[in-house]
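Novice: curious how this folds, go ahead:
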Amino acid sequence: YLALVLSLGSVRPVHLSSMEPESGVAAYPYPKSIPFILTTEFCERFSYYGMRAILTLFINQVVGWSETDSSVLFHAFTVVAYFSPIFGAILADSFIGKFKTIFYVSLVYGVGQLVITLGSVGDTSDGNKGIAGMPYTALVLTGLVLVGLGTGGIKPCVATFGGDQFKLPEQRKQSQTFFSIFYWAVNLGSLFSMLLTPQLRARVSCLGQDYCYPLAFAVPAALMFVAIGAFLVGRLCNMYIINMPNRKEENVLKKTLRCMWVSARSEKVSGETHWLDRGKPNFGDKFVADVKAVYNVSFMMLPFPIFWALFDQQGSRWTFQASRMNGDFFGVFTLQPDNIQVANAILILVMIPIFNSIVYPALAKCNLLTTNLQRIGVGFFLAALAFIVSGIVDLQLEKTYPNLPDSGNGQLIAYDMMPAHPNCQLKFKLDEVSFEISSSDRFSEPTNLKTDSYKLNMITCCGFKCEDLTDASVAIANEESTSLYFWLDTSAQTMRVKQAEFKNKITKSSSGRPFVKIFLAAVDQVPGAQSENNTIILKRVNNPDNEKKQERIELDSLNFGDTDPVEIGKPTDYLIFLNDEELGNATFKQGGNYNLLVSGVEGTDTIKVHQVTPENTFSMFWQLPQYVIMTAGEVLFSITTMEFCFTQAPVTMKAVMLGMRYLTNAFGNIIDIVVMKAFEGVLPKQAYEFFLFGGLTLLCMAIFVWMSRGYQYVDYTNISEEKKEDEEKEVAEKEEK
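Specialist: As a prediction, the model looks like this:
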């Protein structure tokens, strides 16, 4: 659509259907180069959106950054992607032309994708079968810079290069068809990639992990090289019309900036009505008038960045919100958190024709949304509304969260791994806080305490000797969950207590996969136990013999103790084995965290499952309302701002306005970075940040409405058409004379 708007010269983009084909169209065959250009665009968009869809979860889960830092990196990458089109346009229009810009910058793009893929292989830490000593974080960051420069560099070139293949105005109707197909290629590429790459990430195991980010990144990388190959084949077959720039002419963007710079530094001139009038002696009246038009439109664009600040969080904050939801799709398959972004790609394809054919005509009868600025204002409102809705959803979602300790507090869970004592419950105190361990469940309720070191005071020992516990102490760490477990020292027939070596996993995984931690008591008495090298094996009930789908937790020679929580694979039903002996079964659900008690103590269950963190019960489909509202806002805002910039800019300045509009997207992502880091740890709930962004957008909307009241429309497309008609009329009169 963008390329269509920019290529149609004197035609208003909202009235494309009213254009009549020019005479002589049949004399020019449809360009054979177009399939290569469309293939290039489809593959490039697949590559970009496929990588982008899984980026935030990769940075969070594999690189190990926090949700906020992962979101900040995502938006920093987007900043690069929307700053670099300016340089791509200058390179194409002033130096090497569109073909060479697309080809050479695409090579940089492809290399960047390969570097990210290599970085995603990782090193050999945490059981990963990567490359020893691999500086994977540095590689990923380097790759992101290259991809950002690459995608931005070719962004302003591919569509317009396709437009160059047509002879206008003779092939105007054919060019319209091309740009319609081009738009669908863009959206289909993003649609398929956002469906496929998250599933590859989650459903395929590789390099000793239950997920496979290298494959998920490799597919977009491969598609980028398919794009380069398709584009190159068209050149080797000599199918392209290649227009080279006139290097003697100064790039219009560079000239515009120079005009502003010179005018700002010059002294006032007589008859000055605008500070840009100072540039007339150097640049002429006509060019200065065009720059003034750019200045006026740019002033109206000042609030635009806040819309993009909200819109681009679909790939960051909204993805993390989805990770705490249940992605079950009617029992058929499980949606991954990064899959839900595809809702926007589907909805935009549905909504554009609905708005153009139904919504706008219906509202026009009531004299509503008839101007660009009205539609843009409503687009602001819908973006704010989408974030308010997402905040409300997050508040409801928080009701399913575990009782997490606040800053300055920690959490304690106590486990009874003593011989059975059904009519008595172990009781103890830490200072004035009482704990009671259920004799049937064998664990206490999670209790939050101030960060400190506490002395253990036993209240009820249920007939076991516990005098030796008077000197026991418990350390509570900040914002962490720890455990105590009581067991019987059979040699002395006395109760012992030990604080767990590893902390409990209480926060929900961003992948949605469950974590399992093992507590052990008298393992040597458990069926199937060996003297050493014991292993707990979790086998999926529906596929127990597939070793690639099994989870193995090494116990070594541990008899009493605990293990580090391990993220397991697909949330489903598992059979639990100690070595080759089946002990029982358990169901581990999406988003849940579990402590698994394995006991050989007489009179106790061999296995008992304690769900520390509740599973995700809030359906991912509750995000659909916010996606519907945001996509409606995108139709009103994104497409309309493009038309506004096109119709309100002189012909010579349309490329400059395109560059300015890209910059509003870049600055929007800078707003995300600043707000996220400034309020990190300040706002107690994620919902409050959503409300903050919604409030900022409503404020910007109010400012925009106030600015709009004084704006005077100047339709340069009609001016150009009228000027052309006057020139033709003047020529005809001269011929008559």
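Novice: quick check: which element contains the closest residue to Phe679 other than its chain neighbours?
Specialist: The shortest distance from Phe679 to any non-neighbouring residue, by C-beta to C-beta, 6 or more residues apart in numbering, is to Glu689 (6.2 Å). For the C-beta atoms, the positions are set from N, CA and C on the backbone; glycine is no exception. Using DSSP states H and E, Glu689 maps to helix 686-708.
Novice: list of residues touching that helix?
Specialist: 299-300, 302-303, 306-307, 309-310, 313, 317, 321, 373, 376-377, 380-381, 383-385, 387-388, 390-392, 394-395, 398, 675-676, 679, 683 (C-beta atoms under 8 Å, 6 or more residues apart in numbering).
Novice: which of these are buried? Put it as a PyMOL command.
Specialist: Applying 16 or more other C-beta atoms under 10 Å to these leaves a buried subset, and the PyMOL line that selects it is:
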select buried, resi 300+303+306+307+309+310+313+317+321+373+376+377+380+381+383+384+385+387+388+390+391+392+394+675+676
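Novice: can you pull the pLDDT of Glu728?
Specialist: Looking at Glu728, its pLDDT reads 45.
Novice: revised request: answer the last question for Phe330.
Specialist: So Phe330 comes in at 78 (pLDDT).
Novice: same check, this time on Ser23
Specialist: Ser23 is assigned 46 on the pLDDT scale.
Novice: the one 4 residues further on now?
Specialist: Confidence at Ala27, expressed as pLDDT, is 68.
Novice: now for the closest residue to Trp275 other than its chain neighbours, how many residues are close by?
Specialist: Counting by C-beta to C-beta, 6+ apart, Ser263 is the residue found nearest to Trp275 once chain neighbours are left out, at 5.9 Å. Ser263: 21 surrounding residues under other C-beta atoms under 10 Å.
Novice: check contacts around Ser263.
Specialist: 275-279, 288.
Novice: give me that answer again for 7 Å
Specialist: By C-beta atoms under 7 Å, 6 or more residues apart in numbering, the contact set of Ser263 is 275-276, 278-279.
Novice: got these as TSV, with neighbour count, distance to Pro31 and secondary structure columns?
Specialist: Below are those laid out as TSV (neighbours: other C-beta atoms under 10 Å; distance: C-beta to C-beta, whole Å; DSSP: H, G, I helix; E, B strand; the rest coil):
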residue	neighbour count	distance to Pro31	secondary structure
Trp275	15	46	helix
Leu276	22	41	helix
Arg278	20	46	helix
Gly279	25	41	helix
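Novice: closest one of those residues to Lys292?
Specialist: Nearest to Lys292, judged by C-beta to C-beta, of the contacts of Ser263 is Leu276 at 5.4 Å.
Novice: touching, the closest one and Val288? I think so.
Specialist: Yes: look at Leu276 against Val288 with C-beta atoms under 7 Å: they come within range, at 5.5 Å.
Novice: can you show me the helices along the stretch 1-150 of the chain?
Specialist: 2-7, 34-58, 67-91, 97-121, 136-154 (DSSP state H, counting those that start in this stretch).
Novice: the fourth one - contacts with which helices or strands?
Specialist: What that stands for is helix 97-121. helix 34-58, helix 67-91, helix 136-154, helix 158-163, helix 213-236 (3 or more C-beta pairs under 7 Å, 6 or more residues apart in numbering; DSSP states H and E).
Novice: now that helix: buried residues?
Specialist: Buried-residue list, helix 97-121, by 16+ other C-beta under 10 Å: 97-103, 105-106, 108-121.
Novice: how far does it sit from its chain's centre?
Specialist: Relative to its parent chain, helix 97-121 has a centroid offset of 21 Å by C-alpha atoms, centre = their mean, to the nearest Å.
Novice: and the angle from that helix to helix 67-91?
Specialist: 160 degrees (axes from the mean of the first three to the mean of the last three C-alpha atoms, to 10 degrees).
Novice: do the same with the second one
Specialist: Between the axes of helix 34-58 and helix 67-91, defined by the same axes, to 10 degrees, the angle is 150 degrees.
Novice: for helix 34-58, packing partners?
Specialist: So helix 34-58, by 3+ C-beta pairs under 7 Å, 6+ apart, packs with helix 67-91, helix 97-121, helix 158-163, helix 172-203, helix 213-236, helix 317-323.
Novice: can you point out the buried residues in the helix or strand hosting Thr482?
Specialist: Element membership for Thr482 (DSSP H and E) is strand 481-489. Within strand 481-489, the residues scored as buried using 16+ other C-beta under 10 Å are 481-488.
Novice: could you list every helix and strand in contact with that strand?
Specialist: Against strand 481-489 (3+ C-beta pairs under 7 Å, 6+ apart) you get strand 409-416, strand 494-499.
Novice: would you mind writing the CA trace of the first one as CSV?
Specialist: Extracted in CSV, the C-alpha atoms of strand 409-416 (Å, rounded to 0.1, in the frame of the first residue of the first chain):
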residue,chain,number,x,y,z
ASN,A,409,10.8,-10.5,51.7
GLY,A,410,11.3,-14.2,50.9
GLN,A,411,9.2,-17.4,51.1
LEU,A,412,9.4,-20.7,52.9
ILE,A,413,7.8,-24.0,52.3
ALA,A,414,8.3,-26.9,54.8
TYR,A,415,8.1,-30.6,53.9
ASP,A,416,7.6,-33.6,56.2
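Novice: which SSE is immediately downstream of it?
Specialist: With secondary structure assigned by DSSP H and E, strand 409-416 is succeeded by strand 427-430.
Novice: next, count neighbours for the nearest residue to Gln336 once chain neighbours are set aside.
Specialist: Setting aside the residues directly before and after it, Gln336 is nearest to Pro198 in space (C-beta to C-beta, 6+ apart), at 4.0 Å. With neighbours defined by other C-beta under 10 Å, the count for Pro198 comes to 25.
Novice: cool, and Asn246?
Specialist: Asn246 - counted by other C-beta under 10 Å - has 9 other residues nearby.
Novice: can you pull the pLDDT of it?
Specialist: At Asn246, pLDDT is 77.
Novice: swap in the one 3 residues further on?
Specialist: At Glu249 the predicted local distance difference test score is 77.
Novice: and what of Asp715?
Specialist: We have a pLDDT of 67 for Asp715.
Novice: likewise for Ile476?
Specialist: Note on Ile476: pLDDT of 95.
Novice: phi and psi next, for it.
Specialist: Main-chain torsions, Ile476, degrees, to the nearest 10: phi -110, psi 120.
Novice: if I look at it, how far off is Asn409?
Specialist: Ile476 sits 8 Å away from Asn409, going by C-beta to C-beta, to the nearest Å.
Novice: list the contacts for Thr563?
Specialist: Residues in contact with Thr563 (C-beta under 7 Å, 6+ apart) are 502, 517-518, 553.
Novice: could you dump the helix holding Glu689 to CSV, C-alpha only?
Specialist: This file holds the C-alpha atoms of helix 686-708, laid out as CSV (Å, rounded to 0.1, in the frame of the first residue of the first chain):
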residue,chain,number,x,y,z
GLN,A,686,2.6,-4.8,34.8
ALA,A,687,-1.0,-3.6,34.4
TYR,A,688,-0.1,-0.2,35.7
GLU,A,689,2.5,0.2,33.0
PHE,A,690,-0.2,-0.6,30.4
PHE,A,691,-2.4,2.0,32.0
LEU,A,692,0.5,4.5,31.9
PHE,A,693,1.0,4.0,28.2
GLY,A,694,-2.8,4.3,27.6
GLY,A,695,-2.9,7.5,29.6
LEU,A,696,0.1,9.0,27.7
THR,A,697,-1.6,8.1,24.4
LEU,A,698,-4.9,9.8,25.5
LEU,A,699,-2.8,12.9,26.4
CYS,A,700,-1.1,12.9,23.0
MET,A,701,-4.5,12.4,21.4
ALA,A,702,-5.8,15.5,23.1
ILE,A,703,-2.8,17.5,22.0
PHE,A,704,-3.2,16.2,18.5
VAL,A,705,-6.9,17.2,18.4
TRP,A,706,-5.9,20.7,19.5
MET,A,707,-3.2,20.9,16.9
SER,A,708,-5.6,19.7,14.2
